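1. Pasted the sequence and its predicted model underneath.
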Amino acid sequence: MQSCAGKPSATRALAAGPGCRRSLRQCAACLRRVLPPALLSFVLGGSMPSAAAEPVQVPAATPFSIALLRHTPMKAGEPLEGRLVYPIYVGDKLAIPAGALLRGKVVQLRPDPHRRLRARLGGDFTPFHIPVVRFARIQMPNSSWLPFTGGDATNGAPVLRLTPPAPRKKEKSSRISRQIADQKQRLKSATDSVTGPGKGDRIRHFLFSQLPYHPERLEAGTTWLVELSSPLPINVPAPSPDPAAAPAAGKDSSAAPAAATSPAPPQPAGPAEGDEWKLRAYLLQTVSSVSSKPGDPFLARISEPVFDSSHALMVPQGSVLVGVITQAKPARSFGRQGKLRFHFRELKLPDGFTQPVESTISGIDSSGQNKMQLDSEGGVQPKTQNRVAIPLMLSLLATSALDSDAMSQVGSDAVASNGFGIVGRIVGIAAASRPMAASIGLYGAGLAIYDLWLGRGRNVVFVKNTRIEVNTIPSRNRMAPRSLPQAR
C-alpha cells in the first residue's frame, strides 16, 4: 500500500503505503471501491472535482450591459476591458455571473457635430467624436476565455440608477422646501466630486477640459448596451442535490427514481396573498416623450428568474411584462422639459397565461449625461435647474468690469471675461479694455439665458434594452392567453 503524502490525514491513513507520488484524484479512484459515498465526501474534504458541467446556450439578441474598468484614451484601435454589470440567466440557471470580464477595442471614431458646435460656442475647439466599440472575448468563472460576438456599440455613457425619492413629510412638502433640499443635494454632490476618491484625476481632467483643444478619453464607468449577435454556447455547473429535497429517513422513497429520471418542467407557483415580486427586465423597444403616446403598449422581458423563500420558481426568466404609456409630453421651446409616465399591468408567463399585476417602478437605468429624475408615481423628467442663479451671476460678473473703482483693470477683466473659455479670458486681459471684457462676459450670460429660458428643453428617452426594476403585487387570478403587441 502507498500513502498520499501532503494530503489530509484521513486520506493518508486510508490510501496506499509510503512514497506515494500519485495525485488525490488517482487515490480517490481507489477509495471509491472501499468507502461509501457519504464517507468518501467527508474524507476528501471537498477536494473532489466539481459536478459535471451542463451545456447551455445564451440566445442571440441577449443584452449585455458592459462597464469600462478604467480611463482609456479615445483612439481607434485602443484596447478596452470592461465588466458585466448584470448577470445573465438562461431559464432558471445562472449562465454568466455579474462581474465577468470582457475585452474588446475601439474600432472607429465618428464625428459628433452637435457636441462640436456646442463646444465651439463656448471656446472649445476639440473635434469631439463618438467612439464605436466592439467586444470580442468574455471570461468564464473557470478563468477560460470564450469568443464573444456582439454588435458594435455607440451608446456609451456613465449610467445612473434612477430611484423614486423617499416620501416627504407633509409639513416639508412646500415648493420652497423642495428647492432648498435640491440645492443642498447639488452642493453635497459638488463637494463630493472635489473631496471624494480620485479627486486628483478629476481636477486634472477639469483643467484639461478648459483648454481650447484637449485630448479625449473614455471615462471609467462608461457603459455600453451590447446585443449578442449569435448564440453563445457555454457550460454551467450542474445543480448539486438539495439535501432538503431528499426524502426523510424512514419514508417511502420508491417514487424518487422515477421523478429524477423524467423531471417535469418547473411551473410558477401561485402567489401568496400580499406577496411582492421584484422583477428585473429589459425594454424590448424604445419609449420616449417624443414618439410615445398615452395608451401605447410596450414590452419588457424578464432577465432574472424570481424564486420564493423555498426556492420554488415564481417567475421564469423570459417572461414578458406588458406596460402602457400613461403620460407623454415632448420637450418644447422656452425650456419646457419633456415628461414620460408609464406602468406595467400584465405579466405574460412562458406557459402562455397572462397574470394581472399591480406595479410600481423601483429603479431604471439612465445615462448620467441626461440628468433625469424619477418621482414616486413612476414619472420621469429631466432634473429641475435653477434658471435664475447662473444667468444672474454671469451678468453681474460681466458688468463688474465697467466699475472702475471695484479693482484693478487686469483683475476686473479676468473676472468679467468668462464667456468664451480660456480663449475669452486671455483676449479680455490682453485687450486691456473694460468694455471688451464685459462684452465677452455678457456673451456667456446670453448663452446661459438661451439654454435655460429660450431653447428647447430635454426629452425623456429610454432606448431598447434599458434595464428596469419593477415591484409588483400579482393577482391570484390568471387570465386566458392573449396576443401581445409587437416590439418596435
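-> Yep, that arrived.
2. okay, CA-based contacts and neighbour counts for the rest of this
-> Noted.
3. Where does pLDDT dip in the stretch 1-150 of the chain?
-> Within the stretch 1-150 of the chain, the stretches with pLDDT under 70 are 1-52.
4. what do you get if the cut-off is 90, keeping everything else the same?
-> 1-54, 91-92, 122-123, 141-143 (pLDDT under 90).
5. just the helices in the chain please.
-> All helices of the chain, identified by DSSP state H, fall at 9-14, 24-32, 37-44, 113-121, 175-195, 199-209, 256-261, 389-399, 409-416, 421-431, 434-449.
6. Between the ones you listed, which has the poorest mean confidence score?
-> Among the helices of the chain, helix 256-261 carries the lowest mean pLDDT, at a mean of 35.
7. Identify the residues contacting residue 71.
-> Residue 71 makes contact with 217-220, according to Cα atoms under 8 Å, 6 or more residues apart in numbering.
8. Give me the distance between residue 389 and residue 452.
-> 11 Å (Cα to Cα, to the nearest Å).
9. The two: which has the busier surroundings?
-> Each of residue 389 and residue 452 has its neighbours counted (other Cα atoms under 10 Å); residue 452 has more, 20 against 10.
10. which strands and helices sit next to the top strand by length along the chain?
-> Taking DSSP state E as the criterion, the chain has its longest strand at strand 354-367. Here strand 354-367 touches strand 157-162, strand 339-348, strand 467-474, going by 3 or more Cα pairs under 8 Å, 6 or more residues apart in numbering; DSSP states H and E.
11. 10 Å instead?
-> strand 157-162, strand 277-283, strand 320-329, strand 339-348, strand 372-374, strand 461-462, strand 467-474 (3 or more Cα pairs under 10 Å, 6 or more residues apart in numbering; DSSP states H and E).
12. What average pLDDT does the second one get?
-> The reference is to strand 277-283. Per-residue pLDDT over strand 277-283 has a mean of 93.
13. Strand partners (parallel or antiparallel) of that strand?
-> Strand partners for strand 277-283, identified by DSSP bridges, are recorded as strand 297-302 (antiparallel), strand 467-474 (antiparallel).
14. how far does it sit from the chain's center?
-> Put simply, strand 277-283 sits 13 Å off its chain's centre (Cα atoms, centre = their mean, to the nearest Å).
15. Look up how far residue 458 lies from the closest residue in space to residue 281 that isn't next to it in sequence.
-> Once flanking residues are discounted, residue 281 sits nearest to residue 302: 4.1 Å by Cα to Cα, 6 or more residues apart in numbering. With distances taken as Cα to Cα, residue 302 is found 29 Å from residue 458.
16. more neighbours, these two?
-> Set side by side, residue 302 and residue 458 give different neighbour counts by other Cα under 10 Å, the larger being at residue 302 (26 against 22).
17. dump the residue contacts of that one.
-> By Cα atoms under 10 Å, 6 or more residues apart in numbering, residue 302 lies in contact with 89, 279-283, 315-321, 347-349, 467-469.
18. just residue 361 next, same as before
-> Contacts for residue 361 were tallied using Cα under 10 Å, 6+ apart; they are 162-164, 278-279, 342-344, 374-379, 468-472.
19. Just list whatever residues bridge to it.
-> Counting by DSSP bridges, residue 361 is bridged to residue 470.
20. Name whatever forms a beta bridge with the closest residue to residue 381 other than its chain neighbours.
-> Excluding its sequence neighbours, the residue lying closest to residue 381 (Cα to Cα, 6+ apart) is residue 339, at 4.7 Å. Beta-bridge partners for residue 339, by DSSP bridges, are residue 329.
21. For residue 339, give me its contacts.
-> Taking Cα under 10 Å, 6+ apart as the test, what residue 339 contacts is 288-290, 327-331, 372, 379-382, 458-461.
22. Which residue ranges of the stretch 1-150 of the chain form strands?
-> All strands of the stretch 1-150 of the chain, identified by DSSP state E, counting those that start in this stretch, fall at 53-58, 63-68, 72-73, 79-84, 88-90, 93-96, 101-111, 129-139, 145-147.
23. Relative to residue 118, how far out is residue 112?
-> Distance from residue 112 to residue 118, by Cα to Cα: 10 Å.
24. which residues sit in contact with the nearest residue to residue 163 once chain neighbours are set aside?
-> Closest residue in space to residue 163, ignoring its immediate chain neighbours: residue 363 at 4.7 Å, by Cα to Cα, 6+ apart. Contacts for residue 363 (Cα under 10 Å, 6+ apart) come out as 160-164, 280, 374, 378, 467-471.
25. Model confidence at residue 164, what's the number?
-> For residue 164, the predicted pLDDT is 80.
26. on that earlier part again, could you pick out the buried ones from the contacts of residue 71?
-> 218-219 (16 or more other Cα atoms under 10 Å).
27. Just the closest of the contacts of residue 71 to residue 355, please.
-> Ranked by distance to residue 355 (Cα to Cα), the contacts of residue 71 are led by residue 220 at 40.8 Å.
28. Surely that closest one and residue 70 touch.
-> Yes - counting by Cα atoms under 10 Å, residue 220 sits close enough to residue 70 to count as a contact (4.3 Å).
29. what is in contact with those two at once?
-> residue 82.
30. who wins for proximity to residue 237 among the strands of the stretch 1-150 of the chain?
-> strand 53-58 (4.4 Å).
31. Counting neighbours, which bits of the closest one end up buried?
-> Buried, per 16+ other Cα under 10 Å, within strand 53-58: 56, 58.
32. and the gap between residue 433 and residue 445?
-> Distance, residue 433 to residue 445, using Cα to Cα: 19 Å.
33. ok so, going back, please tabulate the strands of the stretch 1-150 of the chain in TSV, including the columns distance to residue 396.
-> Below are these laid out as TSV (distance: least, Cα to Cα, whole Å):
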stretch	distance to residue 396
strand 53-58	60
strand 63-68	42
strand 72-73	39
strand 79-84	46
strand 88-90	54
strand 93-96	56
strand 101-111	36
strand 129-139	35
strand 145-147	59
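34. Out of those strands, which one sits most buried?
-> Ranked by mean neighbour count, the strands of the stretch 1-150 of the chain are led by strand 63-68 with a mean of 23 (mean count of other Cα atoms under 10 Å).
35. on that earlier part again, any idea which of the strands paired with strand 277-283 scores lowest on pLDDT?
-> strand 467-474 (a mean of 86).
36. mind giving me the domain split of this protein?
-> Here the domain assignment for the chain is 9-49, 55-165+212-234, 273-370+458-474, 389-454, based on automatic domain parsing.
37. still on that earlier bit, between residue 433 and residue 445, point out the one with more neighbours.
-> Of the pair residue 433 and residue 445, residue 445 is the one with more neighbours under other Cα under 10 Å, namely 23 against 18.
38. contacting residues for the more buried one?
-> So residue 445 contacts 390-398, 418-419, 439, 451 (Cα under 10 Å, 6+ apart).
39. hang on, isn't residue 297 packed against residue 284?
-> No - in this structure, residue 297 is not within contact of residue 284 by Cα under 10 Å, at 11.3 Å.
40. Can you report how many residues lie near residue 207?
-> As a measure of burial, residue 207 has 11 neighbours, counting by other Cα under 10 Å.
41. residues in contact with it?
-> If you count contacts by Cα under 10 Å, 6+ apart, then residue 207 has 201, 214 around it.
42. Residue 215 versus that one, what's the distance?
-> In terms of Cα to Cα, residue 207 sits 12 Å off from residue 215.
43. do residue 294 as well
-> 44 Å.
44. again, but for residue 100
-> From residue 100 to residue 215 the distance is 30 Å (Cα to Cα).
45. So between those two, which is more surrounded?
-> Remark: of residue 100 and residue 215, residue 100 carries more neighbours, 18 against 14, as counted by other Cα under 10 Å.
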